[in-house]
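Q: Pasting a predicted model and its sequence here:
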Amino acid sequence: VKICWLLSIYPMKNEFPLGLSYDDVLLEPKYSVIKSRKNVSLRTDLTKNIEINLPIVSANMDTVTESKMAITLAQMGGIGIIHRFTTLERQIEEIKKVKRFTNYIIDNPFTLFPEQTINDYEELTADTGINGFPVVNKNGILMGIVTRRDVAFQTNKNKTIKEVMTPQPKLITAKPGISLEEAENLFSKHRIEKLPLVDKKNKLVGLIAAKDIRKTISFPDASRDKRGQLLVGAAIGVSGDFMERAEKLIKNHADILVLDIAHGHSALAIEALKTLKKKFPKQEVIAGNVATPEGVKDLIKAGADAVKIGVGPGSACTTRIVAGAGVPQLSAVLNCAAAAKKSGVPIMADGGIRYPADVVKALAAGATTVMIGNLLAGTDEAPGVIINKSGRRYKFYRGMASFGANISRRALDTNDDNLLYDNLMIEGTEGLVPYRGKAQEVIDYLLNGLRSGMSYNNAKTIKDLSKNAKFIRITENSLKESHPHDLEKT
């Protein structure tokens with residue numbers, strides 16, 4: 001009674017707005033002229049200046065994305081974001097693995113000198129996983145090529161490279177600027193595995209490998225940079241060594257930097273973004289996470305090329321029950337997309353994706369991409385081993401604000417054991433997720449659902465999907481009706 005009396009004297013200034021999650025709505029089907037799910041385009045904006053062929057981004061989490069996941073995503077047309085919860089050197093190495101996985105043109109190929117030995121060749125092969133190298137002198141002039149065939153039956157490991165290599169006069173070479181089609185013809189005609197690129201003075205300026213040509217042909221929708229290498233992103237923090245990390249990641253060809261902070265609508269995040277864009281104005285940066293129109297506008301004003309949306313929807317995130325902060329994900333995406341629309345800055349829906357329908361709803365609400373963690377954490381390409389428990393297989397998954405992640409992060413920053421557990425704030429959890437096989441199978445499952453959802457909404461493109469979408473709220477009984485029901489288990 002007292003509370004009611006107080007409220008009558010001091011009425012609340014604002015009504016509580018309604019917040020909706022993906023499960024609270026359905027998309028009303030539209031008359032559709034789309035005859036097949038194959039007749040839709042999944043090409044979308046990742047940032048203001050970068051497009052990708054699939055709207056799927058793997059999360060920058062240490063149990064989700066390292067080079068294997070990033071390679072798979074990029075080959076399919078999406079992109080992976082290498083997490084930052086490791087040393088800078090290892091993060092760079094993961095970036096290099098993605099970039100060197102397929103190179104239409106390798107700008108700075110690994111090389112050997114004629115004076116080096118077969119031992120040196122074997123060491124370089126072990127370090128790089130490559131088995132063929134151009135041989136150059138100290139001035140960078142091409143002298144020959146040495147491959148596995150040249151050293152296969154050599155018992156004297158101290159033999160020089162000059163003694164076993166294929167010398168320059170016998171090589172097929174090309175000039176810089178050669179087209180993919182021209183390179184294909186040379187590989188086919190001469191049955192070679194390596195095509196050195198040399199200038200007028202016979203100085204080595206690049207290399208094309210036959211296996212990379214094959215990979216290019218095999219994955220026509222792959223996300224690639226101008227040099228034909230796979231696109232890859234990398235996460236950085238907003239304090240400490242974040243600028244040093246950013247500079248070195250950029251030098252090693254990270255295409256996207258993601259500012260990794262739970263509360264992106266903060267002075268710390270905004271100042272970090274401004275500093276980053278001031279020093280590297282051409283670098284594409286995705287900032288976040290935010291959940292309000294005001295957060296989107298402030299990050300765009302500070303220079304964000306895309307904004308990541310989501311505070312608390314992730315399956316391993318406990319921010320909402322620890323801090324009491326967040327916005328249900330569908331409402332967050334709808335409101336933030338509206339705020340970003342005039343600027344042309346894309347938004348990424350991060351978290352809460354459990355079914356293909358959630359991808360459809362996120363994109364219909366105005367996101368141009370979705371970031372996925374849990375569903376990909378159980379795949380072969382995610383870091384970690386398969387765990388057998390009670391006859392079932394699992395993989396480990398944790399939120400990046402979980403206890404274990406906090407300890408791992410602090411261990412990188414300090415050698416003082418007393419500081420590892422000091423003033424920890426836990427806003428995430430960790431546990432096992434079902435083993436799901438290859439990442440490609442999970443992504444195909446999501447994309448097939450997306451294509452179907454687009455056909456129901458008469459959407460040939462992702463932009464059409466958000467333009468045509470009409471959401472309807474549903475009840476708890478409607479949600480039950482939406483899932484399989486009234487069936488006996490077989």
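A: Right, received. Where do you want to start?
Q: tally of neighbours for Lys201?
A: Counted with other Cβ atoms under 10 Å, residues neighbouring Lys201 total 10. Quick note: C-beta positions are derived from backbone N, CA and C, even for glycine.
Q: Give me the distance between it and Asp486.
A: Lys201 sits 78 Å away from Asp486 when distances are taken as Cβ to Cβ, to the nearest Å.
Q: same deal with Gly384?
A: The gap separating Gly384 from Asp486 is 38 Å, by Cβ to Cβ.
Q: Repeat that for Lys170.
A: 74 Å.
Q: more neighbours, these two?
A: Neighbours were counted for Lys170 and for Asp486 using other Cβ under 10 Å; Lys170 has more, 9 against 5.
Q: Identify the residue nearest the residue sitting nearest the centre point of the chain in space, chain neighbours excluded?
A: Within the chain, the residue whose C-alpha comes closest to the C-alpha centroid is Gly80; the distance, by Cα atoms, centre = their mean, is 1.6 Å. Using Cβ to Cβ, 6 or more residues apart in numbering and skipping the chain neighbours, the partner closest in space to Gly80 is Ala70 (3.0 Å).
Q: Now that that neighbour has come up, it's in contact with Ser58, right?
A: Yes: using Cβ atoms under 8 Å, Ala70 is in contact with Ser58, at 6.9 Å.
Q: Report the backbone C-alpha coordinates of stretch 336-343 in CSV.
A: Taking C-alpha atoms only, stretch 336-343 is exported to CSV below (Å, rounded to 0.1, in the frame of the first residue of the first chain):
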residue,chain,number,x,y,z
CYS,A,336,20.3,-0.3,-33.5
ALA,A,337,19.7,-1.0,-37.2
ALA,A,338,17.3,1.9,-37.4
ALA,A,339,19.9,4.2,-35.8
ALA,A,340,22.7,3.0,-38.2
LYS,A,341,20.6,3.2,-41.3
LYS,A,342,21.2,6.8,-42.3
SER,A,343,25.0,6.5,-41.9
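Q: In that stretch, which residues are buried?
A: By neighbour count, and taking 16 or more other Cβ atoms under 10 Å as the criterion, the buried residues in stretch 336-343 are Cys336, Ala337, Ala339, Ala340.
Q: In helices only, show me those residues.
A: Taking DSSP state H as the definition of helices, those contribute Cys336, Ala337, Ala339, Ala340.
Q: Which residues are in contact with the nearest residue to Pro383 once chain neighbours are set aside?
A: Spatially, and ignoring its direct neighbours in sequence, Pro383 is nearest to Glu66 (5.1 Å; Cβ to Cβ, 6+ apart). Residues touching Glu66, when contacts are defined by Cβ atoms under 8 Å, 6 or more residues apart in numbering, comprise Ile82, His83, Glu94, Pro383.
Q: Just confirm the second one contacts Ser67, I think it does.
A: No: between His83 and Ser67 there is no contact, the gap being 11.2 Å when judged by Cβ under 8 Å.
Q: quick one on the thing from earlier: now, among the ones in helices among the buried residues of stretch 336-343, which is nearest to Lys175?
A: Out of those, the one with the shortest distance to Lys175 is Ala340. That distance is 44.7 Å, counting by Cβ to Cβ.
Q: Please tell me how far the closest one sits from Pro346.
A: Distance check for Ala340 against Pro346: by Cβ to Cβ, it reads 7 Å.
Q: Tell me the residues that contact both of these two, please.
A: By Cβ under 8 Å, 6+ apart, Ala340 and Pro346 have these common neighbours: Val307.
Q: which residues are common contacts for Ala70 and Ser58?
A: Between them, Ala70 and Ser58 share the neighbouring residues Ile79, Gly80, Ile81, with contact defined by Cβ under 8 Å, 6+ apart.
Q: Find me the pLDDT at Asn185, would you?
A: At Asn185 the predicted local confidence, pLDDT, stands at 89.
Q: With Asn406 instead?
A: 59.
Q: picking up where we left off before, quickly name whichever of the shared contacts of Ala70 and Ser58 is closest to Ala272.
A: Using Cβ to Cβ, Ile81 is the member of these that lies nearest Ala272, at 16.9 Å.
Q: so what's that closest one up against?
A: 57-60, 65, 70, 232-235, 256, 258, 371.
Q: Mind checking which of the residues you listed land in strands?
A: Of these, the ones assigned to strands by DSSP state E are Val57, Ser58, Gly233, Ala234, Ala235, Ile256, Val258, Met371.
Q: Isn't the third one up against Ile82?
A: So that's Gly233. Yes: under the criterion of Cβ under 8 Å, Gly233 lies in contact with Ile82, with a separation of 6.9 Å.
Q: joint contacts of these two?
A: Asn60, Ala70, Ala254.
Q: In helices, which of these fall?
A: Secondary structure assignment by DSSP H places Ala70 of the shared contacts of Gly233 and Ile82 in helices.
Q: Out of the shared contacts of Gly233 and Ile82, which comes closest to Ile309?
A: Nearest to Ile309 among these, with distances taken as Cβ to Cβ, is Asn60, at 14.8 Å.
Q: who touches that closest one in this structure?
A: Neighbouring residues of Asn60 by Cβ under 8 Å, 6+ apart: Ile81, Ile82, His83, Arg84, Gly233, Ala234, Ala235, Val258, Asp260, Met400.
Q: As CSV, the residues you listed with distance to Ala267 and pLDDT would be great.
A: Listed next are those as CSV, based on distance: Cβ to Cβ, whole Å; pLDDT from 0 to 100:
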residue, distance to Ala267, pLDDT
Ile81, 24, 98
Ile82, 27, 98
His83, 25, 97
Arg84, 21, 95
Gly233, 25, 98
Ala234, 24, 98
Ala235, 20, 97
Val258, 19, 98
Asp260, 17, 93
Met400, 21, 68
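Q: Now these in a markdown table, please, with extra columns for distance to Leu112.
A: Formatted as a markdown table, the contacts of Asn60 follow (distance: Cβ to Cβ, whole Å):
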| residue | distance to Leu112 |
| --- | --- |
| Ile81 | 34 |
| Ile82 | 29 |
| His83 | 34 |
| Arg84 | 34 |
| Gly233 | 32 |
| Ala234 | 30 |
| Ala235 | 35 |
| Val258 | 37 |
| Asp260 | 39 |
| Met400 | 41 |
